[in-house]
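Enquirer: model the structure of this input:
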Amino acid sequence: MKFNEFNLSAELLAEIEKAGFVEASPIQEQTIPLALEGKDVIGQAQTGTGKTAAFGLPTLEKIDVDNTVIQALVIAPTRELAVQSQEELFRFGRSKGVKVRSVYGGSSIEKQIKALKSGAHIVVGTPGRLLDLIKRKALKLNHIETLILDEADEMLNMGFLEDIEAIISRVPETRQTLLFSATMPEAIKRIGVQFMKEPEHVKIAAKELTTDLVDQYYIRVKEGEKFDTMTRLMDVEQPELAIVFGRTKRRVDELTRGLKIRGFRAEGIHGDLDQNKRLRVLRDFKNGNLDVLVATDVAARGLDISGVTHVYNYDIPQDPESYVHRIGRTGRAGKTGQSITFVSPNEMGYLQIIENLTKKRMKGMKPATAAEAFQAKKQVALKKIERDFEDEKIRSNFEKFGKDARKLATEFTPEELAMYILSLTVQDPDSLPEVEIAREKPLPFKPSGGGFGGKGKGGRGNGRRGDQRRDRNRRDDREGRRRDFKRKSNKNSRDFEGKGNKRPHRTSNEKKNGFVIRNKGDK
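Expert: Here you go, the predicted model:
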């Protein structure tokens, strides 16, 4: 079903079109009509299925921008999800003039209070910070018409149930409530019974997390050698259309600049990019005017792009489900695709977590050498020359240079002239321009004890109060990312913890070198 078939305003449809969305996902197709009718909805779907637009579009449709009060509240389990949801809601509601604010722990509450005072139609926040603001009388919920609980099961797992109930009790009973959860434990069902009015239940069956049409590889490589390793591989693989994923906006900018220096037609997209430029970049990529799109996970969410042959994970994703979303950009419409993940030695544990989630092992790949890359580029140049000689339009211009060409033919051998032409076309590997990519710390991984938790408290503090303290206090972002990564992974990843455990079925050569010989025929 197409978005223009929903009863949405022209302003929303314009922003949807700008973002490149055409077809609604299953959760969107089933939820949006119900939400537009004002019904309460319980949506059961996995992360990455388009839930934000499913609840966001009907919520934005109802907002009265002339009324300056807060009309919708979104409760999210983590600040990362709160920020992502805020950005997406703002993007869709921009033409309509909807103001969306995000509030979360670990950031200045004074600045957030100031932002709320400047005006907000929708507030997205984590439970602990929302309660803080309510108690300070900085967040007024008496005009809320729509309440959204996003990833409710995750909030339950993190001990936020009492906080959620406390927040809901302060919202008018006449509201519409939309609840989304990947699973449906009894506590979530009780919320539906206690706080919702005859909710419609929308359940989207979990799809296979990865497709057999995507060949998944990894390359073990040091951080400082990643860029050269990736560009050499690109020279050898010659992808028709590729997406490179970076972890941060800075990384995307640096990779884009570096790829251009090395001769690739590349552009990048991330959250800070001007909307007009974003649209131009996506249009050029879809039309084949670019070879490589560099993107962050957030910027690439929901992109409708066909024909992508390769996905390069320059940085391993911060949570395993993001990996699934990334490689899902290729291997579509019955066509095969390939994903290559570059992993530093101390990130190998994350590879295990991803494999536990996808139920599929990645194959090791040997990095391409400079000689292999050079040979591949020469072959590309030779094929281009052959194509050009078959092009009648190009050949029709030859005679303009006839006299000079005959003169050159008397002074140099055909072999010398051919070598000169190739030298102009193919960069010498010994004279490639240097590219500096700022080092970023690899994701930390402790196979036992520490950051990920394990036995006992699971690394998440002591119940609800522990979660509230973490939400309120400034803390190291990396600790939060580690907890989220571990929490979202398959529980079987615990088998990997403990002394002496190794990745299953790796050969002695793989354990020593971190790769196996690349073989495209090896499926």
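
Enquirer: burial check on Thr229, number of neighbours?
Expert: Neighbour count of Thr229, defined by other C-beta atoms under 10 Å: 18. C-beta here means a position set from N, CA and C on the backbone, and glycine is covered the same way.

Enquirer: hang on, I meant Arg220
Expert: Arg220 has 21 neighbours, counted by other C-beta under 10 Å.

Enquirer: surely it meets Met348?
Expert: Yes. Using C-beta atoms under 8 Å, Arg220 is in contact with Met348, at 7.0 Å.

Enquirer: tell me the secondary structure of the spatially closest residue to Arg262 that is not a sequence neighbour, please.
Expert: Closest residue in space to Arg262, ignoring its immediate chain neighbours: Thr231 at 5.2 Å, by C-beta to C-beta, 6 or more residues apart in numbering. Secondary structure, DSSP: H, G, I helix; E, B strand; the rest coil: Thr231 is helix.

Enquirer: just Gly288 next, same as before
Expert: Under the three-state scheme (three-state DSSP), Gly288 adopts coil.

Enquirer: surely it meets Ile305?
Expert: No. Using C-beta under 8 Å, Gly288 makes no contact with Ile305, being 11.4 Å away.

Enquirer: which residue is most remote from the mean position of the protein?
Expert: Distance from the C-alpha centroid of the chain peaks at Thr410, with 58.5 Å (C-alpha atoms, centre = their mean).

Enquirer: state the distance from that one to Phe401.
Expert: Going from Thr410 to Phe401 by C-beta to C-beta, to the nearest Å gives 15 Å.

Enquirer: could you pull up the residues touching the residue nearest to Arg262?
Expert: Neighbouring residues of Thr231 by C-beta atoms under 8 Å, 6 or more residues apart in numbering: Gly258, Leu259, Arg262, Phe264, Ala373.

Enquirer: and the two most separated of those?
Expert: The two members of these with the most space between them (C-beta to C-beta) are Gly258 and Ala373, at 15.1 Å.

Enquirer: would you agree Gln216 falls within a strand?
Expert: Yes. Assessed by three-state DSSP, Gln216 belongs to a strand.

Enquirer: give the contact list for it.
Expert: With C-beta under 8 Å, 6+ apart, Gln216 has these contacts: Thr210, Ile327, Gln338, Ser339, Thr341, Thr358, Lys360, Met362, Lys363.

Enquirer: the fourth one bridge partners, please.
Expert: In this entry, Ser339 is beta-bridged to Gln216, Val311, by DSSP bridges.

Enquirer: pLDDT score assigned to it?
Expert: pLDDT, Ser339: 94.

Enquirer: what's the separation between it and Gly331?
Expert: Computed as C-beta to C-beta, the Ser339 to Gly331 distance reads 8 Å.

Enquirer: identify the contacts common to those two.
Expert: Shared contacts of Ser339 and Gly331 (C-beta under 8 Å, 6+ apart): Val214.

Enquirer: lowest-confidence entry in the contacts of Thr231?
Expert: The model is least sure about Ala373 among these, giving it 84.

Enquirer: that one contacts Arg232, doesn't it?
Expert: Yes. The pair Ala373 / Arg232 is scored as a contact, 4.0 Å apart, by C-beta under 8 Å.

Enquirer: quick one: residues contacting the most centrally placed residue in the chain.
Expert: In the chain, the centroid-proximal residue (C-alpha atoms, centre = their mean) is Asp297; its distance is 2.0 Å. Shown in contact with Asp297 (C-beta under 8 Å, 6+ apart): Phe245, Pro317, Gln318, Ser322, His325, Arg326.

Enquirer: same thing with Ala371?
Expert: Pro429.

Enquirer: measure it to Val236 for me?
Expert: When Ala371 is compared with Val236 (using C-beta to C-beta), they lie 10 Å apart.

Enquirer: and Pro317, by the same measure?
Expert: From Pro317 to Val236 the distance is 24 Å (C-beta to C-beta).

Enquirer: and what of Ala45?
Expert: Ala45 sits 39 Å away from Val236, going by C-beta to C-beta.

Enquirer: for the two, indicate the residue with more neighbours.
Expert: A count of neighbours by other C-beta under 10 Å puts Ala45 above the other of Ala45 and Val236, at 23 against 18.

Enquirer: wait, that one touches Lys51, no?
Expert: Yes. Counting by C-beta under 8 Å, Ala45 touches Lys51, with 6.1 Å between them.

Enquirer: Three-state assignment for Leu34, please.
Expert: On the basis of three-state DSSP, Leu34 is classed as helix.

Enquirer: shouldn't it be in contact with Glu200?
Expert: Yes. Counting by C-beta under 8 Å, Glu200 is a contact partner of Leu34 at 5.1 Å.

Enquirer: anything in contact with each of those two?
Expert: By C-beta under 8 Å, 6+ apart, Leu34 and Glu200 have these common neighbours: Val41.

Enquirer: so what's Gly258 up against?
Expert: By C-beta under 8 Å, 6+ apart, the neighbours of Gly258 are Phe227, Thr231, Val435, Glu436, Ile437.

Enquirer: with respect to Pro185, which of those is nearest?
Expert: Nearest to Pro185 among these: Ile437, at 43.6 Å, using C-beta to C-beta.

Enquirer: distance-wise, check Pro242 relative to Ala266.
Expert: Just to correct that, residue 242 is Ala rather than Pro. Separation of Ala242 from Ala266 (C-beta to C-beta): 9 Å.

Enquirer: so what sits against both of the two?
Expert: By C-beta under 8 Å, 6+ apart, Ala242 and Ala266 have these common neighbours: Asp291, Val292, Leu293.

Enquirer: return the distance of stretch 418-428 from the chain's centre.
Expert: In terms of C-alpha atoms, centre = their mean, to the nearest Å, the centre of stretch 418-428 is found 39 Å from the chain centre.

Enquirer: quick one: contacts of that stretch?
Expert: Here stretch 418-428 makes contact (C-beta under 8 Å, 6+ apart) with Gly263, Phe374, Lys377, Lys378, Ala381, Leu382, Lys384, Ile385, Phe412.

Enquirer: so where's this structure uncertain?
Expert: For the chain, the stretches with pLDDT under 70 are 46-48, 206-211, 275, 298-304, 319, 321, 332-334, 444-523.

Enquirer: now do stretch 262-279: everything it contacts.
Expert: 18, 20, 87, 91, 94, 231, 234, 244, 249, 252-253, 255-256, 259-260, 281-282, 284-285, 289-296, 298-300, 427, 432-433, 435.

Enquirer: and the residues you listed, which of them are in strands?
Expert: Val244, Val292, Leu293, Val294, Ala295 (DSSP state E).

Enquirer: tell me the one of those nearest Asp40?
Expert: Nearest to Asp40 among these, counting by C-beta to C-beta, is Ala295 at 35.4 Å.

Enquirer: okay but that closest one is in contact with Gly246, surely?
Expert: Yes. Between Ala295 and Gly246 there is a contact under C-beta under 8 Å: 7.4 Å.

Enquirer: find the residues that touch each one of the two.
Expert: Common neighbours of Ala295 and Gly246, using C-beta under 8 Å, 6+ apart, are Val252.

Enquirer: and for Leu422, the neighbour number?
Expert: Residues within reach of Leu422, counting by other C-beta under 10 Å, total 14.

Enquirer: so it: helix, strand or coil?
Expert: Classification of Leu422 by three-state DSSP places it in helix.

Enquirer: kindly indicate which of the contacts of Gln216 lies nearest Lys117.
Expert: Each of the contacts of Gln216 was checked against Lys117 using C-beta to C-beta; the closest is Ile327, at 43.4 Å.

Enquirer: nearest residue to that closest one in space, please, no chain neighbours.
Expert: Spatial nearest neighbour of Ile327, excluding adjacent residues (C-beta to C-beta, 6+ apart): Ser339 at 4.2 Å.

Enquirer: check contacts around that neighbour.
Expert: If you count contacts by C-beta under 8 Å, 6+ apart, Ser339 has them with Val214, Asp215, Gln216, Tyr217, His310, Val311, Tyr312, Asn313, Arg326, Ile327, Thr330.
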